[in-house]
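Trainee: My questions concern the predicted model and sequence given below.
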Amino acid sequence: MNKSLKYILFKLNDKRTEIVVDQKSTDSDYERFLNKFPADGCRWAVYDFHYKLEDGSQRNKLCFFSW
């Protein structure tokens, strides 16, 4: 599959009745992603984490964050 997004952040709508998309990004900088979480509010996120194994092969995992 062709994946174009690195992460999606979700939040509650203003009435607090639904979870809605807050932000989407193709930026792969993990620190910038972490800085998107507010100090005074809840968020959820899905992050496409890529890493290499010792043998050089590449893997990825979809990580779910609850803030």
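Mentor: Cool, got the structure. None of these values were measured; they are calculated from a predicted model.
Trainee: Can you verify my assumption that Arg43 contacts Val20?
Mentor: No. Under the criterion of CB atoms under 8 Å, Arg43 is not in contact with Val20, lying 11.2 Å apart. Yep, even glycine has a C-beta here, placed from its N, CA and C like the rest.
Trainee: okay, and the common contacts of the two?
Mentor: Here Arg43 and Val20 have Phe10, Lys11 as joint contacts, going by CB atoms under 8 Å, 6 or more residues apart in numbering.
Trainee: Have a look at these two and say which one is more surrounded.
Mentor: Taking other CB atoms under 10 Å, Arg43 and Val20 do not tie; Arg43 has more neighbours (17 against 10).
Trainee: roughly how far apart are the more buried one and Leu62?
Mentor: Distance, Arg43 to Leu62, using CB to CB, to the nearest Å: 16 Å.
Trainee: how deep is the residue nearest to Ser28 when sequence neighbours are not counted tucked in, by neighbour count?
Mentor: Excluding its sequence neighbours, the residue lying closest to Ser28 (CB to CB, 6 or more residues apart in numbering) is Lys6, at 5.1 Å. As a burial measure, Lys6 scores 19 neighbours (other CB under 10 Å).
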